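Participant: model this:
(one chain, ligands or ions: 2)
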Amino acid sequence: MTSPLPPAVRPARAASVSDGATAARSAIRAKGLTRRFQSEDRVVEALRGIDLDVRVGEAVAVMGRSGAGKSTLLNLIGALDRGYGGELQVFGQEVRLLPDRALARFRNRQIGFVFQAFNLLPNLSVGDNILLPGSFGTDLDDVELRARARRLLGEMDLADRFDQRPMQMSGGERQRVAIARALLLEPPLLVCDEPTGSLDGHTARQILRVLQDIRTRFGTTLVLVTHDPSVAAMADRVVTLDRGLLLDPAATEAAP
Ligand SMILES: Nc1ncnc2c1ncn2[C@@H]1O[C@H](COP(=O)(O)OP(=O)(O)O)[C@@H](O)[C@H]1O
Ligand SMILES: [Mg+2]
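Facilitator: Ligands and ions are numbered 1, 2, ... in the order given. From the prediction side, this is the model:
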């Protein structure tokens, strides 16, 4: 359904990496990764020691029951959360070591997010939602950003919807807007937390095709959480989380 993405939306190459050629091909490297949440009366060990390597350009699906720690893992990989133990490098950068502003900049340039609930801002137009990542610091000027936003919207088959509000759109349309927003700054890593979780089967397949298209054309590294085996089937590799641990021993092996 999408027209071919022009070269201008090719995701940027990963930012400089700190430790040589091996790291240059590694998008994500987690070692002994833990995440513990402490509320007043209890401690939840959401991740209990994850080893995971994801190569640049690889697509990895994360499956597992509700509460297994999938969103927790994705939030760490997406540099939304630094409160982990163990190691986590994204494009060679240890996430925990980034100070606040550097973290925000890193996230904005390197990582696109797509969530189950779309997370569009209802008071902004579709176009302004897509432009949001551009307002947190980029080298691109306004004219270029607007041109990109319009082009992305066109590629999502929503060319005439720039001035609409998200509320006027269907779930599948909103998710395409959210994907366009995630791609605005051409991040080399896209993380998607149950991107088709709120959509019917037909619409879910549409979204799947869009993600597949992005990935095959531009080699974007993709980590996506899903319950849907047909979504997981597009990935190079499926890993399964169970109560904070990865079940699949292949998770730490390099894919062929
Ligand atoms: N901010 C938080 N505070 C306290 N507990 C949390 C928080 N986020 C997640 N958890 C707990 O961590 C565990 C894993 O949650 P989550 O990663 O959301 O699971 P999944 O996405 O696989 O359904 C759950 O027990 C959840 O209640
Ligand atoms: Mg979740």
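Participant: rest of the way, CA atoms for contacts and neighbours
Facilitator: Noted.
Participant: any idea where the helices of this structure begin and end?
Facilitator: In the chain, the helices defined using DSSP state H lie at 20-24, 70-77, 100-110, 126-131, 142-155, 171-183, 201-218, 229-232.
Participant: Ligand 1: which of those helices is closest?
Facilitator: The closest of the helices of the chain to ligand 1 is helix 70-77. By CA to the nearest ligand atom, the value is 3.7 Å.
Participant: got the contact list for residue 129?
Facilitator: 120-121, 177-178, 181 (CA atoms under 8 Å, 6 or more residues apart in numbering).
Participant: which among those residues end up buried?
Facilitator: Neighbour counting with 16 or more other CA atoms under 10 Å marks 120, 177-178, 181 as buried within those.
Participant: that older thread, near ligand 1, from the contacts of residue 129?
Facilitator: The subset of those within reach of ligand 1, by CA under 6 Å from any ligand atom, is empty.
Participant: Contact partners for residue 231?
Facilitator: By CA under 8 Å, 6+ apart, the residues touching residue 231 are residue 208.
Participant: Begin at 123, not 1, for the rest of this chat.
Facilitator: I'll keep to 123 as the first residue from here, and by that count the last item is residue 353.
Participant: can you pull the pLDDT of it?
Facilitator: With respect to pLDDT, residue 353 scores 89.
Participant: how much space between it and residue 329?
Facilitator: Plainly put, residue 353 is 9 Å away from residue 329 if you go by CA to CA, to the nearest Å.
Participant: which residues are there in the protein that come within reach of ligand 1?
Facilitator: Where the chain comes near ligand 1, counting by CA under 6 Å from any ligand atom, the residues are 159, 166, 168, 187-194.
Participant: Taking these together, which two end up most distant?
Facilitator: 159 and 187 (18.5 Å; CA to CA).
Participant: Quick one: neighbours of residue 152, just the number.
Facilitator: Using other CA atoms under 10 Å, residue 152 has 21 neighbouring residues.
Participant: Can you name the residues that contact it?
Facilitator: 172-175, 208-211.
Participant: which one of these has the most neighbours?
Facilitator: residue 210 (28 neighbours).
Participant: okay, that one: pLDDT?
Facilitator: So, for residue 210, pLDDT stands at 98.
Participant: What sits closest to residue 209 if chain neighbours are left out?
Facilitator: Leaving aside its sequence neighbours, residue 209 sits nearest to residue 153 (CA to CA, 6 or more residues apart in numbering; 5.0 Å).
Participant: quick one: the one you found and residue 206 touch, right?
Facilitator: No - with contact defined as CA atoms under 8 Å, residue 153 does not count as touching residue 206 (11.0 Å).
Participant: higher neighbour count, these two?
Facilitator: Neighbour totals were compared for residue 153 and residue 206, and residue 206 leads with 19 against 16 (other CA under 10 Å).
Participant: Show the contacting residues for the closest residue to that one other than its chain neighbours.
Facilitator: Nearest non-adjacent residue to residue 206, counting by CA to CA, 6+ apart: residue 157, 4.8 Å away. For residue 157, the contact set (CA under 8 Å, 6+ apart) comprises 167-170, 194, 205-207.
Participant: Just send those residues back as TSV, with distance to residue 366 too.
Facilitator: Converted to TSV, the contacts of residue 157 look like this (distance: CA to CA, whole Å):
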residue	distance to residue 366
167	7
168	5
169	4
170	5
194	9
205	15
206	13
207	13
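Participant: between the residues you listed, which has the most around it?
Facilitator: residue 169 leads the contacts of residue 157 on contacts (other CA under 10 Å) with 25 neighbours.
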